[in-house]
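1. need coordinates for the following:
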Amino acid sequence: MGVEVLEEVFEVILDRKKNPRPESYVSRLLAEGRAGDKVLEEAEELVKAAREEGREEIVHEAADLIFHTMVLMAERGVHLNDVMEELRRRRR
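-> Next up is the predicted model:
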């Protein structure tokens with residue numbers, strides 16, 4: 001496991017963007033343009049968890065932040081590969 005799970009989740013997000021489903025949380029976020037708000041909310045919750053909670057809550061909130069960041073990226077037309085390439089560039 002690793003980057004593959006991020007790619008799988010991102011592909012589902014892209015599918016929900018192309019083929020919205022009324023019962024889909026991602027489809028609703030994208031339709032309402034709320035992904036940015038959710039990123040801010042989840043970032044705040046992650047910082048709070050890091051200050052006040054244990055490892056399990058930090059992992060949970062970090063996953064939420066990564067997920068919602070990917071939804072925002074899809075909303076704005078930024079592909080996961082673009083971010084991965086930027087991280088590779090910074091690593092050099």
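2. what segments of this structure are helices?
-> Here the chain has its helices, by DSSP state H, at 3-18, 25-32, 35-52, 55-75, 80-91.
3. dump the C-alpha coordinates for the second one into CSV.
-> Coordinates of the C-alpha atoms in helix 25-32 are reproduced here as CSV (Å, rounded to 0.1, in the frame of the first residue of the first chain):
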residue,chain,number,x,y,z
TYR,A,25,-20.9,12.9,-0.7
VAL,A,26,-18.1,13.8,-3.2
SER,A,27,-20.7,14.7,-5.9
ARG,A,28,-22.5,17.0,-3.4
LEU,A,29,-19.3,18.7,-2.3
LEU,A,30,-18.3,19.4,-5.9
ALA,A,31,-21.8,20.6,-6.9
GLU,A,32,-21.9,22.9,-4.0
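4. now it: mean pLDDT?
-> Mean per-residue pLDDT for helix 25-32: 97.
5. the third one too?
-> When pLDDT is averaged along helix 35-52, the result is 98.
6. which positions in that helix come out as buried?
-> 35, 38, 39, 42, 43, 45, 46, 49 (16 or more other Cβ atoms under 10 Å). The C-beta positions use only the backbone N, C-alpha and C, and glycine is treated the same way.
7. dump the residues you listed into JSON lines; add distance to residue 11 as well.
-> Rendered in JSON lines, the data for those read as follows (distance: Cβ to Cβ, whole Å):
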{"residue": "35", "distance to residue 11": "17"}
{"residue": "38", "distance to residue 11": "19"}
{"residue": "39", "distance to residue 11": "20"}
{"residue": "42", "distance to residue 11": "21"}
{"residue": "43", "distance to residue 11": "24"}
{"residue": "45", "distance to residue 11": "26"}
{"residue": "46", "distance to residue 11": "24"}
{"residue": "49", "distance to residue 11": "28"}
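8. can you tell me which two in those are farthest apart?
-> 35 and 49 (20.6 Å; Cβ to Cβ).
9. what does stretch 21-38 rub up against?
-> 12, 13, 16, 17, 20, 68, 71, 72, 74, 75 (Cβ atoms under 8 Å, 6 or more residues apart in numbering).
10. hmm, residue 76 and the fourth one touching each other?
-> Read that as residue 17. No: contact criterion Cβ atoms under 8 Å: residue 17 and residue 76 do not qualify, at 10.8 Å.
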